[in-house]
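Asks: Everything below, folded, please.
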Amino acid sequence: MDGLSRRKMLITGGALGAFGALGMASPARARSLWTWAPSGSVAGAGAGVDPDWVWDEEADELVAAVIDRGDVPRVNELLRTWTRNDQPLPAGLPRDLRDFMEKARRLPSWADRGKLEVAAEFNKSRGVYLNLLNGVGGGMLSTAIPREARSVYYSKGGADMEDRVAKTSLLGFAIGDLNAYRPDGKVIVEAVKTRLVHAAVRHLLPRSPGWSRTSGGQTIPISQADMLVTWHSLPTYTMRKLIEWKVPVTPAESEGYLHVWQVTAYMLGIREEYIPATWDAADAQSKQVLDPILASTPEGIELTDILLGQLAEQTSPGGIDRPLVNALARYLVGDQVADWDGIPREPFWEKAIATAWPKLVAFREKLIPLPLVPPLAWTIDEAARQYILFYLTKGRGTHIDIPDTNRPG
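Replies: Numbering: from 1, shown residues only. Model prediction:
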């Protein structure tokens, strides 16, 4: 099983049994034919080509050359000094890479500074929900996305999940910063670096025997469709949960939050004809590209166990009890995804969270008085806070570096 935990496979055998021992998507769970209309995109038009067969040609060719020339160590050292949106690119970068990055760092013509400011304020006022959903909920969803789980597991980052969480956090929390797209923010920097990393993985991962055996026939990883799937596991999923939790969101806040993620999608190299223009368009696209492909894989189960184990052990001096960690993760993504991820059932904490969390949200939104919030809710609230701190602090002292190898071993 290539180092995957046999113990975890036995524990979660029931969940895996329905989808096959390796968690391969059956024909019934395969992604449906691409029918999403480009008229629903920010571009308003397009060729309508299936994004599963589109990658990032300009970046891919460039980064492959950087790797093959042996320039990665020098480039990474230079890029570690590039940390602000308004900062000039470091001197000494290869000319072809510098030219690409100067172009890649420009915002799209349709970027709206006013909407980006509204999004920044929304991230500030609703940070507890957004960080929990994007950091932990999105993380649990990602391990139930077969291609993403396998790409992470067999690439260099899969060998050190603590560092992988840290690198993922850099971009995620840069988006949530109040100064995200301001001159002193970091989103542009982290997005461009992430785009380069994606290109490196496309070049390297097909050489990994482990990934090649489990790729389901995909010859090159991280297609435009894969990036859309990940995108929907963040803002689309989050907005659905905010609505489900009855968190008040004004039309301007909703539009601004969508816009910051639209701009970020563009900065990551997603083509404009694939970026949804509205939440309705996003929901329709998500139902086509994300919902049908969620499934269980041994790689996803292993990564989930590592992530939740780290969280339980490291988020506070005494740690959070693993049963509470499991139950909160299950509450965020639902039973089906939790079963695919191999997250154990915790009947006591599941019931407690289902009862207490809606009251906590209502109290935070000043919809109910404090006496109606059960005392146990504050234990759950602390666990949620520790979840967020775990993801927030992991990014300190780390950098998004271009890989030049796959996972060893």
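
Asks: Find the nearest non-adjacent residue to Trp349, please.
Replies: Ala327 (3.4 Å; CB to CB, 6 or more residues apart in numbering). Placement of C-beta: from N, CA and C, glycine included.

Asks: Looking at the one you found now. What's its pLDDT?
Replies: Looking at Ala327, its pLDDT reads 95.

Asks: can you check Leu311 too?
Replies: 73.

Asks: what's it in contact with, if anything?
Replies: Residues counted as contacts of Leu311 (CB atoms under 8 Å, 6 or more residues apart in numbering) are 136, 320, 325, 386-387, 390.

Asks: who wins for neighbours among these?
Replies: Val325 (27 neighbours; other CB atoms under 10 Å).

Asks: Would you confirm that that residue contacts Ala383?
Replies: Yes - using CB atoms under 8 Å, Val325 is in contact with Ala383, at 7.1 Å.

Asks: Spit out the contact partners of the nearest residue to Leu228 once chain neighbours are set aside.
Replies: Residue nearest to Leu228 in three dimensions, not counting chain neighbours: Val289, with 5.3 Å by CB to CB, 6+ apart. If you count contacts by CB under 8 Å, 6+ apart, Val289 has them with 31, 36, 51, 225, 228-229, 232.

Asks: Please tell me how far Ile145 sits from Trp340.
Replies: Counting by CB to CB, to the nearest Å, the gap from Ile145 to Trp340 is 10 Å.

Asks: More neighbours: the two, which one.
Replies: Counted by other CB under 10 Å, Ile145 and Trp340 do not tie: Trp340 has more neighbours, with 28 against 24.

Asks: Is that one in contact with Ala144, as I believe?
Replies: Yes - using CB under 8 Å, Trp340 is in contact with Ala144, at 4.7 Å.

Asks: Which neighbours do those two have in common?
Replies: 294-296, 300.

Asks: Redo these as JSON lines? Include neighbour count and secondary structure.
Replies: Output for these, formatted as JSON lines (neighbours: other CB atoms under 10 Å; DSSP: H, G, I helix; E, B strand; the rest coil):
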{"residue": "Leu294", "neighbour count": "20", "secondary structure": "coil"}
{"residue": "Ala295", "neighbour count": "22", "secondary structure": "coil"}
{"residue": "Ser296", "neighbour count": "28", "secondary structure": "coil"}
{"residue": "Gly300", "neighbour count": "27", "secondary structure": "helix"}
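
Asks: Now tell me what touches stretch 219-230 from outside.
Replies: 31, 34, 50-56, 142, 145, 147-148, 151, 198, 201-202, 205-206, 211, 215, 265, 268-271, 274, 285, 289-290, 293.

Asks: Equivalent analysis for stretch 245-264, please.
Replies: With CB under 8 Å, 6+ apart as the criterion, stretch 245-264 contacts 42, 107-108, 111-112, 115-123, 126, 129, 175, 180-181, 187, 191, 231, 234-235, 239, 242-243, 275-279, 282, 357-358, 361-362, 365, 367.

Asks: ok, of those residues, which come out buried?
Replies: Buried subset of the contacts of stretch 245-264 (neighbour count, 16 or more other CB atoms under 10 Å): 42, 107, 111-112, 115-120, 122-123, 126, 129, 175, 180-181, 187, 191, 231, 234-235, 239, 242, 275-277, 279, 282, 357-358, 361-362.

Asks: one step back: mind listing the shared neighbours of Ile145 and Trp340?
Replies: By CB under 8 Å, 6+ apart, the residues touching both Ile145 and Trp340 are 294, 300.

Asks: Next, the distance between the ends of stretch 118-138.
Replies: End-to-end distance of stretch 118-138 (CA to CA, to the nearest Å): 23 Å.

Asks: how far is it from where the chain is centred?
Replies: Averaging C-alpha positions (CA atoms, centre = their mean, to the nearest Å) puts stretch 118-138 13 Å from its chain's average.

Asks: Next: stretch 261-268.
Replies: Its chain's C-alpha centre and that of stretch 261-268 lie 13 Å apart, by CA atoms, centre = their mean.

Asks: can you check stretch 249-256 too?
Replies: On CA atoms, centre = their mean, the centre of stretch 249-256 falls 22 Å from that of its chain.

Asks: Buried residues of that stretch, list them for me.
Replies: So, applying 16+ other CB under 10 Å, buried residues of stretch 249-256: 249, 253-256.

Asks: and if you look at stretch 343-353?
Replies: Here stretch 343-353 shows 343, 346, 349-350, 352-353 as buried, counting by 16+ other CB under 10 Å.

Asks: for stretch 75-92, same thing?
Replies: Neighbour-count burial for stretch 75-92, counted by 16+ other CB under 10 Å, picks out 75-76, 78-79, 82, 85, 89.

Asks: ditto for stretch 215-226
Replies: Of the residues in stretch 215-226, 215, 218, 221-226 count as buried by neighbour count, 16+ other CB under 10 Å.

Asks: which pair in the residues you listed spans the largest distance?
Replies: Ser215 and Gln224 (16.7 Å; CB to CB).

Asks: ok, so of the buried residues of stretch 75-92, who is nearest Val373?
Replies: So of these, ranked by how close each gets to Val373 (CB to CB), first place is Asn85, at 40.4 Å.

Asks: Let me know the secondary structure of the closest one.
Replies: With DSSP: H, G, I helix; E, B strand; the rest coil as the basis, Asn85 sits in coil.

Asks: I appreciate the help and will end here.
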